[in-house]
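fold the stuff below for me.
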Amino acid sequence: MKFPYAKSKTRTPEGREYQALLPLIPIGVRSRSRTIRYMALLDSGAETSMFHQELGAALGIELERGARRTFYGIGHGRTVGYVHTVELEVGGWWLDCPVAFCPGMIRIEPGDPPRTVGLSYGILGQEGFFDKFRVVFDRSAQQVELKPKFT
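Reported below is the predicted structural model:
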């Protein structure tokens, strides 16, 4: 499966807006027979997949019943997430994947330099996603290729 990189508006720490090319892919997220379409960034540096808290609530997941974890990102941003296993659909393939549902994704701490608060997409990380696909990033071709390991 090949997916083109997507253009996404983002900001520098100083607040200047620019277009970034990112490996964002469309996915389906399913829990309790509810499925929602969502965009997610393939992030090889993320240990765990992270989605917005609102998505979990829309799927009927009682977030605080999940395992509570604190996550840290670039620039020392941090957020708390509640890990639940959901089903993900990628290119017609369904797989179980642990996901942390986070209120705010990445929050800034008092005293941090100003930067964009929150992300408009989810993050697909190592555990439960990258370990199930061979992932080839080809920035020069502006595409990412996923090959399932479970067929």
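
which residues of the protein fall in helices?
53-58 (DSSP state H).

and Q143, what is it in contact with?
K2, F3, P4, Y5 (Cβ atoms under 8 Å, 6 or more residues apart in numbering). Any C-beta I mention is one placed from the backbone N, CA and C, and that applies to glycine too.

try it again with 6 Å
By Cβ atoms under 6 Å, 6 or more residues apart in numbering, the residues touching Q143 are K2, P4.

now do H52
Contacts of H52 by Cβ under 6 Å, 6+ apart: none found.

for it, give me the pLDDT.
We have a pLDDT of 91 for H52.

cool, T12 as well?
70.

again with V117
pLDDT at V117 comes out at 49.

if you count neighbours, what's buried in stretch 26-40?
I27, V29, S31, Y38, A40 (16 or more other Cβ atoms under 10 Å).

and for stretch 55-67?
For stretch 55-67, the neighbour count (16+ other Cβ under 10 Å) marks L55, G56, L59, I61, L63, G66 as buried.

farthest-apart pair in the buried residues of stretch 26-40, please.
Greatest spatial distance in those: S31 and A40, 15.4 Å, computed using Cβ to Cβ.

wait, what's in contact with the residue minimising distance to the centre of the chain?
By Cα atoms, centre = their mean, the mean C-alpha position of the chain lies nearest to I123, the distance being 1.2 Å. By Cβ under 6 Å, 6+ apart, the contact list for I123 reads L41, D43, A46, M50.

just the buried residues of stretch 26-40 now: which is nearest P148?
Closest to P148, out of all of the buried residues of stretch 26-40 and judged by Cβ to Cβ, is I27, at 13.8 Å.

that closest one against A40, yeah?
Yes: under the contact definition of Cβ atoms under 6 Å, I27 touches A40, with a separation of 5.2 Å.

would you check how far apart the residue nearest to the centre of the chain and E47 are?
10 Å (Cβ to Cβ, to the nearest Å).

by mean pLDDT, flag the weakest helix or strand of the chain.
Every helix and strand in the chain was compared by mean pLDDT, DSSP states H and E; the lowest is strand 6-11, with a mean of 82.
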